[in-house]
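Novice: fold the following.
(2 chains)
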Amino acid sequence: MDPQNTRVLIVDDEFSVRDSLRRWFKSYGCNVDTAEDANNALDKFKDQSWDIVLLDIKMPGMDGIELQRRIKEIDENIIRIIITAFATVDTAVQALKEGAYDYISKPINPAQLDHIIRNAIEKRSLISETTLLRRKVEELSLPEEIVGDSNAMSKVLQLVSEVAGTDSTVMIRGESGTGKELIARAIHANSNRKYFPIITINCGAYPEGLLESEIFGHEKGAFTGAQYTRKGKLELADKGTIFFDEIGNISMKMQMDLLRVLETKQFSRLGAEKTITTDFRVISATNRDLEQAVKDGNFREDLYFRLNVFTILLPPLRERDSDIEQLAGYFLKRIAKSMNKPVKEFTDEALEAFGQYSWPGNVRELRNVIERAIVVSKGDVIERADLSFPFTFEDCLPAVDSLDDVERLHIQRILNKTGWNVLQAAKLLGIDRSTLYAKIKKYDLSQ
Amino acid sequence: MSYIHISLIRPLKRFNLRYLRRVLENAFGMKTNVVKSDLDISFAYDPSRGQYHASALLLRLSENPPADASRVLSITDADLFVPIFEYLFGEAQFNGLGAVISSYMLHNERYGLPADRVLLSERLSKEAIHELGHTFGLTHCFSPYCVMNPSTVVEQIDAKSMEFCAECRHKIEGKSA
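Specialist: Alright, predicted model coming up:
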């Protein structure tokens, strides 16, 4: 913000004071207005906002202290500067306690006022900049790719909104490609830690020694090749969130080390004696059956309970059929834009194929199929022939033998696809509603 | 051809008038004309403050200017003030005709230092350009070396240059031609 964009309101009952200050601020290029008392000043807040308000402490009617209190209620970011002819420590302290930015005594030393105003403009500018950046961060951290309004996804998003504001440890379960990291990021983005980082560590991507160094950091010379001191992910996640992806893949030793850190929030870098204390929230994710791993002795039970405080189970894409078309449209728009291709829609046949495929690779697979289709498509429509599925449709058929099993699975799929809209599902199945109800009862189907 | 009319309100501390005229002529691209005035300025004196009211003085000094003068600059030794401020280096009519500057706060002796006529002439010249800049509609500029950078202590005057920055120069061109 420069002075030319700064709006200054001067409140003083003496005309000569208002006039001198008005001209002084005008010479800075500020947008200035004046008010002769508190009520007149408050009226001027009805039509517009102000960046800086200079107000006399002694005025007939409402005094400057009360006025600055009222202005603070309107907008606490407005810089309020008190002018007083009777500068005493008491009035100054009171004004500052009430939130005034500064106070200045009459007659004003121009150098002092110049100094205060330059700093005030700087502060106001920083406030505006911070507000703007926070808004941008919030926009950027919106869970963009969480698309879908199926019952299953609505439940997940409900859980995300419930747990985000708490500091609870969260475990996200779900098949590969269901979007576990997106959910972790959504929890972080909606938490009080959102202005601090979310640090992701893919536990399955590192050999054990390296994983230890990644998580805890190391001192120079801690091991062969450690040429520099390096902060670990836990340190980087201070005040933010650490996301352990594929937590089920860590070794028993790492499990023990991690358990200790989660209990104390204290650790040391490899090769260091100094203990570091950090403040982080833990979110973990896995596609493994951790309960079985605990039973088999491959995962520590105490760590399991420490991580599994609040569980979010992500449904596979085949159980949220009704979201597929929406997801496909979302990916088409996003990817076509990034590739600068004019592709706008799918043919009905292409959409039908999406509905018939069982998506073993879940949302990630859907995204990849669409990306490939956009690359190979010639016009502005994606046709069935542009789609290439990694598995055959037969591969995706459930391994069932009896006709009853086939019927049960098909009805379940159609009900999921229609979001359990029985009327719509019955129409698609070519049966009437009462028959569908009877079959739901027969096969004990549920949402 | 229009010019800047400079009125020296006596008594006045000695400074390099030729230097001041040259820098003003360079800065605004117009000639200067100097008159010495014995105007009694006691009408602007405020006994409660022991100072001269700058706005009252400026108003009187800008009355009845020479018909062909583009701007009127008055220079005085008087200690200037406006009601809310302790002191002023000068005052100008924004987008107007007149400006007044005072050497009272600008000379070294005031700060217990040996007299320096060169420095006083430089300070007066910078203040003269600055206040006349306001009469051409320029507001304060935050480019540190621009002559339109606001100065409330003499060190700030000494720190800035005698020149307009490119942006202020651009704004003033055409207006002063």
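Novice: switch to C-alpha atoms for all contacts and neighbour counts from now on
Specialist: Noted.
Novice: was I right about residue A:17 contacting residue B:81?
Specialist: No. Assessed by CA atoms under 8 Å, residue A:17 is found out of contact with residue B:81, at 12.0 Å.
Novice: and the two? Which one has more around it.
Specialist: Neighbour count, other CA atoms under 10 Å in any protein chain shown: between residue A:17 and residue B:81, residue B:81 has more, with 23 against 19.
Novice: contacts only, for the more buried one.
Specialist: Contacts of residue B:81 were listed using CA atoms under 8 Å, 6 or more residues apart in numbering or on different chains, and they are B:51-54, B:87-88.
Novice: what do you get for residue A:351?
Specialist: Residue A:351 touches residue A:325, counting by CA under 8 Å, 6+ apart.
Novice: that one in helix, strand or coil?
Specialist: helix (DSSP: H, G, I helix; E, B strand; the rest coil).
Novice: how much space separates it from chain B?
Specialist: In this view, residue A:351 and chain B are 60 Å apart by CA to the nearest CA, to the nearest Å.
Novice: repeat for residue A:371
Specialist: Residue A:371 sits 51 Å away from chain B, going by CA to the nearest CA.
Novice: name the helix or strand for that residue, please.
Specialist: According to DSSP states H and E, residue A:371 maps onto helix A:362-376.
Novice: SS state for the residue of chain B positioned farthest from its centre?
Specialist: Computed with CA atoms, centre = their mean, the residue of chain B farthest from its C-alpha average is residue B:48, at 25.1 Å. Residue B:48 carries the three-state label coil when classified by three-state DSSP.
Novice: in the stretch 1-150 of chain A, what spans have low per-residue confidence?
Specialist: Along the stretch 1-150 of chain A, segments meeting pLDDT under 70 span A:1, A:86-89, A:137-145.
Novice: per-residue pLDDT of the residue of the stretch 151-300 of chain A found nearest chain B, please?
Specialist: Relative to chain B, the nearest point of the stretch 151-300 of chain A is residue A:195 (32.7 Å; CA to the nearest CA). Looking at residue A:195, its pLDDT is 84.
Novice: can you list phi and psi of residue B:3 for me?
Specialist: Taking degrees, to the nearest 10, you get phi -150, psi 170 for the backbone angles of residue B:3.
Novice: an error on my part: the question was meant for residue B:70.
Specialist: With angles defined as degrees, to the nearest 10, residue B:70 sits at phi -80, psi -40.
Novice: circling back to that earlier point, name the helices or strands packed onto the helix holding residue A:371?
Specialist: Here helix A:362-376 touches helix A:321-339, going by 3 or more CA pairs under 8 Å, 6 or more residues apart in numbering or on different chains; DSSP states H and E.
Novice: what average pLDDT does the helix or strand following the helix it packs on get?
Specialist: Remark: after helix A:321-339, the chain's next helix or strand is strand A:345-346, criterion DSSP H and E. Strand A:345-346 shows a mean pLDDT of 90.
Novice: who touches strand A:345-346?
Specialist: A:329, A:332, A:380-383.
Novice: pull stretch A:210-230 out as PDB, backbone CA atoms only.
Specialist: The C-alpha trace of stretch A:210-230 is given here as PDB (Å, rounded to 0.1, in the frame of the first residue of the first chain):
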ATOM      1  CA  LEU A 210      17.200 -44.000   4.600                       C
ATOM      2  CA  LEU A 211      13.700 -43.800   6.000                       C
ATOM      3  CA  GLU A 212      15.100 -43.300   9.500                       C
ATOM      4  CA  SER A 213      17.200 -40.400   8.200                       C
ATOM      5  CA  GLU A 214      14.300 -39.000   6.300                       C
ATOM      6  CA  ILE A 215      12.000 -39.000   9.400                       C
ATOM      7  CA  PHE A 216      14.500 -37.900  12.100                       C
ATOM      8  CA  GLY A 217      17.200 -36.000  10.000                       C
ATOM      9  CA  HIS A 218      20.900 -36.500  10.600                       C
ATOM     10  CA  GLU A 219      24.000 -34.700  11.700                       C
ATOM     11  CA  LYS A 220      27.000 -34.200   9.400                       C
ATOM     12  CA  GLY A 221      29.100 -37.400   9.600                       C
ATOM     13  CA  ALA A 222      26.300 -39.500  11.200                       C
ATOM     14  CA  PHE A 223      26.800 -42.200   8.600                       C
ATOM     15  CA  THR A 224      28.800 -42.600   5.400                       C
ATOM     16  CA  GLY A 225      27.600 -40.100   2.900                       C
ATOM     17  CA  ALA A 226      26.100 -37.700   5.500                       C
ATOM     18  CA  GLN A 227      28.100 -34.700   4.300                       C
ATOM     19  CA  TYR A 228      25.800 -32.100   5.700                       C
ATOM     20  CA  THR A 229      23.400 -31.800   8.700                       C
ATOM     21  CA  ARG A 230      19.900 -32.300   7.500                       C
END
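Novice: what residues sit buried inside that stretch?
Specialist: Going by neighbour count (16 or more other CA atoms under 10 Å in any protein chain shown), the buried part of stretch A:210-230 is A:211-219, A:222, A:229-230.
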